[in-house]
Each structure stands twice: as C-alpha cells, then as structure tokens.
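# Here you go, sequence then predicted model.
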Amino acid sequence: MPRPILTADRMRAAEQAAIEGGTSVETLMDRAGTALAEAVHRLAGTGDTLILCGPGNNGGDGYVAGRKLVERGHRVRVAALAPPASAACVAAASRWDGETVTFEQASPSPILVDCLFGTGLTHGLEATVSERLSDLAKSASSAIACDLPSGVGSDDGRCLSPVPAFDMTVTFGALKPAHRLMPALPSMGRVVLADIGIDASSTWFEIGRPEVPALAAAAHKYSRGYVAVLAGEMSGAASLAASAAARSGAGYVRVIGDGLFQGLPASVVVGGKLGLLADDGRIGSVLIGPGVGRGAGAKALLQAALDCGKPLVLDADALNELGANPTGMSDAILTPHAGEFARLFPGLDGTKPEMTLQAARNSGAIVVSKGPDTLVASPDGRLGFAPPAPSWLASAGTGDVLAGIISALRARGMDAFDAACAGVWIHGRAAELAGPLMIADDLISELPAVLA
Ligand SMILES: NC(=O)C1=CN([C@@H]2O[C@H](COP(=O)(O)OP(=O)(O)OC[C@H]3O[C@@H](n4cnc5c(N)ncnc54)[C@H](O)[C@@H]3O)[C@@H](O)[C@H]2O)[C@@H](O)CC1
Ligand SMILES: Nc1ncnc2c1ncn2[C@@H]1O[C@H](COP(=O)(O)OP(=O)(O)O)[C@@H](O)[C@H]1O
Ligand SMILES: [K+]
C-alpha cells in the first residue's frame, strides 16, 4: 500500500475523527511517543539521549518517548524550550520524572531527538533556538526528528528557519507534504511512518513500487504496446526517448522524423508518414517533445499529435509550443520541469501540490511536475509524490528517458495517472542503480533490471 500524505489541517481532522470515535488525544500521543521511542532505539541502540521538547503536542510526544526510552535502558535528558502548554503535553510532562535540563543548558548527546515543533509550527524558530538545534544535531551521532524537523512548514516544505539534516524522521498516521517537498526534503533522512490508529486515507500518497501489467501468454508485439515518437531538430533526444520506450517493455517503437538517430537499437523502426498517427489503430501512445525543436515544423508535428486521437505524452519543446493555459487535454500526460511549468501555467499560486493539481484540473491532463520533488497530479484530485530520487538525475536527457518510459507503460494499456506514477518511480530507481556519474544513456541500460 502506498503511504498516505495529509496536510496539517487534514491531519487534525483525522485526529478529531479518531477522538470522536472514542480514542483520546492522550492515547494517540502515547502511541506516537511509543512509536518514536521504538524507532529511536532501533536506529541508534541504547545510548545517552537528549530530547528537546516544545510546548505543544510535538513536545508531548517527546515526554512520552523519554519515558519509554528510559524503560529500554537509555540515559535520557529532557530539555524543555518552554513550559508545556497544550493539555495533552501538560499530562505527558507530568508523567516525566527523569533528568531535566534547561534548553540553554542542553549539552551535546550521541542521540538527539527533536520534539520542538511539528504540524503546529506557525513561524520560524528564533535564531538562538535554531542555531542551538543545528549545533546539537550536528554533534549527535544519530539525530531524529519527531513528525517533522522543527522549522519546516508542514504543507509546503519551506524552511521557516535554518533546519539541520536529520538521520531519521518519525511521523504518525500519514506522511506530511513536507516530507517529500523541497527545500525540506534533504533534511528528513529516512522517513518512518508509525500507525497510531488514525484513519489517514487520502488521495495524496507517496508513489511506491508499481505493478506493471504482466505480459499475456498470447501477447503479440502490438498488444504489448506500440509507441510512436515524433522527432524534430535534435535527433539525440528522440533517440533517448525511443530507446527508453523500447527498454521499458514496448513491443514496437517507431520514430517518425528525419535524422540520423544515432544509438537507436536496430529494433526501433525509423520513418513513416505523419498520417500514420491517426490511421494506425495499433498505436497505443504518441510521444512528442524531446528534441522536436520550435517553429513551423514543430507546430505541424504537435497539431498532428493533438488531432490523432491517441493517448499522448507531451514533453520539452512540445510543452513550449502548446502555449499557456492549455485546456481539454484529457488523455494526455504533460511532463514539464519547473521552467516549462511556469510558462505553461502562469499565474497559479499556492504550494507545489496545490499548483500541480490546479494545472491538472485546468488542462484536463495528467501533470508530472518534475524536479527533485516530482509530483504527479490528476484532474480528479489524485496526487502522487515521488520518493526521493538521486540528485545526479540533474543531467541532460534524463527527462527524455522519463518521457519514453511513461509512453511505453501507457501504450501497454496502463491508466494515464498510473503510467505516469510508475514511470517516475522506475526512473528514480534506475538512477539509483546507475550511480552518481551516470549520463542519461546509462539509465536506459538499467531499465531491464528495474522492470524485471
Ligand atoms: N494530529 C495527530 O493526530 C497527532 C499529533 N501528534 C503530535 O502533535 C503535533 C502537533 O501538535 P500541536 O498542534 O500542539 O503543534 P506543535 O507541537 O507543533 O506546536 C504547537 C505550539 O507551538 C506554537 N508555535 C508554533 N511555531 C512556533 C515557533 N516558531 N516558536 C514558538 N512557538 C511556536 C504554536 O502557537 C502552538 O502553541 C504533531 O506534529 C505530532 O507530533 C501526536 O501527539 C499524535 C497525534
Ligand atoms: N536534483 C534532482 N534530484 C532528483 N531528480 C532530479 C533533480 N534534477 C532533475 N531531476 C529529474 O531529472 C529529470 C530532468 O528532466 P528535464 O529537466 O526534462 O531534463 P532534460 O530536458 O535534459 O531531459 C526529471 O525527471 C527530474 O525530476
Ligand atoms: K519536531
């Protein structure tokens, strides 16, 4: 099951529903603190532990975790930033009778647990507090954040004050958008999700390993997926996309365009008239964008793609050619990077999740908003958050490869949203296998291992 993602408001509503269903806040906090202690102990073993507690329920989780860690043999010190303020935090703190130091006195410890603020953060930490948090996190062997690293905006991933890097973040019920959004993403470490008995079902989720439809025994090359790639000025980009489609399980890949198409597998067919797009009922998806260029030639190719009535994947130059605020794009997948997104959907505001969903609703298309924090949005409100992908994907041509992978999955018959989510996951995994010095071509070599 993919891990659900909830905004702070929706998390509070889920908590409220659990409370109305008969589970008290104290019980939820007890479960959260117990899960936090368990995760800390598993990661760091038994050792001297400093827990920084804030005045709200994030701090309350810390007091509970302190008690549980003492039971597990840790020497625990709690440093309170401010006296407990929320009722549940007051109750949890009243049960803490261990070592307590002032925040200013807190000295470095091998295990640091940050329970200052979570989803209730409203503004950045004071400079002296964030500096102290950073110093303590840097000098710890294991730094663990409760729910969110303190200073991170839960819904938008902004760092409202400087945020150090943590080894692990333990969150409850559901992930929060910030766990998978820049600029907070690199501070999270491993994100562990603990079940505290809240119904956290959501149409927002972290994209997990996909289930690609199995090949039928009676499959033939066209039923396995026929991808048509429209090529223009830069044949290398089309070659990358077409090769990626072929290595992602398409049964037949055709590149329509003039050019040398170096490096293309011999099995990829080159040539054919544009009229094929509409006439050949076997074509399962049409990819246009990588290397297609700008100008009259590109415009004619785009028009042919838009008119052919086949599932489309639009990337790169095709997105620029499309113009701002496209509408009526159902059965299309758009894969803009940040610059292309801003040109395609000017004037949207809000968080990246909100803007990507708005773009999908306005255009009618599945929108893959790429970057270090790729999101996949559907007009129906589904929103997939990519798991962290290696930053070495920042290399020319990797987007062309992604478009090729998605086109193959779409031609195979996957639903457009599922194909886009699966493509993003497969792309990230291929990058992990290809390693830091990879170039886009190397991603293609890893695809069979990822898809096996
Ligand atoms: N929602 C849920 O279902 C559950 C939430 N739990 C915990 O509760 C947390 C949320 O608790 P709260 O809503 O009490 O929020 P927090 O504990 O994150 O912080 C709340 C308090 O801090 C103040 N504050 C915000 N930013 C500040 C800043 N920069 N400097 C000083 N004060 C600041 C707020 O005014 C508020 O009084 C979650 O992150 C999680 O750790 C768990 O106890 C279990 C269940
Ligand atoms: N810092 C990063 N961390 C993780 N993934 C990244 C990063 N930068 C880019 N990517 C991914 O690499 C790909 C780049 O695509 P794109 O910008 O279209 O490049 P190109 O046009 O050169 O093919 C996208 O899938 C994007 O999500
Ligand atoms: K925290």
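Received it, and whenever you're ready, just let me know what you need. Ligands and ions are numbered 1, 2, ... in the order given.
# What are the boundaries of the strands in the stretch 1-150 of the chain?
49-53, 76-80, 99-102, 111-115, 142-146 (DSSP state E, counting those that start in this stretch).
# Just put the ones you listed in CSV and tack on distance to ligand 1 and mean pLDDT.
Any C-beta I mention is one placed from the backbone N, CA and C, and that applies to glycine too. As requested, the strands of the stretch 1-150 of the chain are exported to CSV (distance: least, CB to the nearest ligand atom, whole Å; pLDDT from 0 to 100):
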stretch, distance to ligand 1, mean pLDDT
strand 49-53, 9, 98
strand 76-80, 12, 98
strand 99-102, 16, 94
strand 111-115, 7, 98
strand 142-146, 5, 98
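# Nearest approach to ligand 2 belongs to which of those strands?
Closest of the strands of the stretch 1-150 of the chain to ligand 2 is strand 142-146, at 21.2 Å (criterion: CB to the nearest ligand atom).
# re earlier: columns mean neighbour count on top of the strands of the stretch 1-150 of the chain, output as a markdown table?
Formatted as a markdown table, the strands of the stretch 1-150 of the chain follow (neighbours: other CB atoms under 10 Å):
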| stretch | mean neighbour count |
| --- | --- |
| strand 49-53 | 28 |
| strand 76-80 | 23 |
| strand 99-102 | 12 |
| strand 111-115 | 29 |
| strand 142-146 | 28 |
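# okay if I get the ones you listed as CSV plus distance to residue 173?
CSV is the format used below for those (distance: least, CB to CB, whole Å):
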stretch, distance to residue 173
strand 49-53, 20
strand 76-80, 24
strand 99-102, 29
strand 111-115, 16
strand 142-146, 13
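# got these as JSON lines, with distance to ligand 2 columns?
Shown next, in JSON lines, are these (distance: least, CB to the nearest ligand atom, whole Å):
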{"stretch": "strand 49-53", "distance to ligand 2": "30"}
{"stretch": "strand 76-80", "distance to ligand 2": "35"}
{"stretch": "strand 99-102", "distance to ligand 2": "39"}
{"stretch": "strand 111-115", "distance to ligand 2": "25"}
{"stretch": "strand 142-146", "distance to ligand 2": "21"}
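# Among the ones you listed, which comes closest to residue 235?
In terms of CB to CB, the element of those nearest to residue 235 is strand 142-146, at 47.5 Å.
# mind checking pLDDT for the spatially most central residue of the chain?
Centroid-nearest residue in the chain, with CA atoms, centre = their mean: residue 386, separated by 2.5 Å. Here, the pLDDT recorded for residue 386 equals 98.
# check contacts around it.
Listed by CB atoms under 8 Å, 6 or more residues apart in numbering, the contact partners of residue 386 are 180, 207, 373-376, 424-425, 428.
# And the residue of the stretch 251-400 of the chain that's closest to ligand 3?
Using CB to the ion, the single residue of the stretch 251-400 of the chain nearest to ligand 3 is residue 388, 19.3 Å away.
# So that residue is in contact with residue 182, correct?
No: at 10.1 Å, residue 388 does not count as touching residue 182 under the criterion of CB atoms under 8 Å.
# residue contacts, residue 259?
Residues near residue 259 by CB under 8 Å, 6+ apart: 231, 235, 238.
# Distance-wise, check the residue of the chain positioned farthest from its centre relative to residue 374.
Distance from the C-alpha centroid of the chain, by CA atoms, centre = their mean, peaks at residue 97 (40.6 Å). Look at residue 97 and residue 374: by CB to CB, to the nearest Å, they are 47 Å apart.
# And residue 231, by the same measure?
Distance from residue 231 to residue 374, by CB to CB: 25 Å.
# name the element whichever residue of the stretch 51-200 of the chain sits closest to ligand 2 belongs to?
Taking CB to the nearest ligand atom, ligand 2 has its nearest neighbour within the stretch 51-200 of the chain at residue 182, 8.5 Å off. Using DSSP states H and E, residue 182 falls within no helix or strand.
# what about it, how many neighbours?
Residue 182: 15 surrounding residues under other CB atoms under 10 Å.
# any residue of stretch 159-173 up close to ligand 3?
No: under the criterion of CB under 5 Å from the ion, stretch 159-173 makes no contact with ligand 3; the nearest approach is 8.2 Å.
# quick check: mean pLDDT across that stretch?
Stretch 159-173 comes out with an average pLDDT of 98.
# So is that stretch next to ligand 1?
Yes: applying CB under 6 Å from any ligand atom, one finds stretch 159-173 touching ligand 1 at 172-173.
# In space, what's closest to residue 372 - neighbours in sequence excluded?
Leaving aside its chain neighbours, residue 372 sits nearest to residue 182 (5.2 Å; criterion: CB to CB, 6 or more residues apart in numbering).
# cool, residue 294 as well?
Closest residue in space to residue 294, ignoring its immediate chain neighbours: residue 317 at 5.9 Å, by CB to CB, 6+ apart.
# so the one you found touches residue 291, yeah?
Yes: using CB under 8 Å, residue 317 is in contact with residue 291, at 7.3 Å.
# so what sits against both of those two?
residue 232.
# Mind giving me the packing neighbours of the helix or strand that contains residue 356?
Using DSSP H and E, residue 356 sits within helix 352-363. Applying 3 or more CB pairs under 8 Å, 6 or more residues apart in numbering; DSSP states H and E, one finds that helix 352-363 contacts strand 332-334, helix 338-344, strand 366-369, strand 375-377, strand 383-385.
# ok, is the second one in contact with ligand 2 or not?
No: Helix 338-344 does not reach ligand 2 (CB under 6 Å from any ligand atom); its nearest approach is 7.6 Å.
# tell me the domain boundaries of the chain?
Domains of the chain are assigned by the TED database as 3-202, 226-451.
# just to revisit the earlier point, show me what contacts the residue nearest to residue 372?
Shown in contact with residue 182 (CB under 8 Å, 6+ apart): 157, 371-373.
# which two of those lie the greatest distance from each other?
Taking CB to CB as the measure, the contacts of residue 182 span a maximum distance of 11.6 Å, between 157 and 371.
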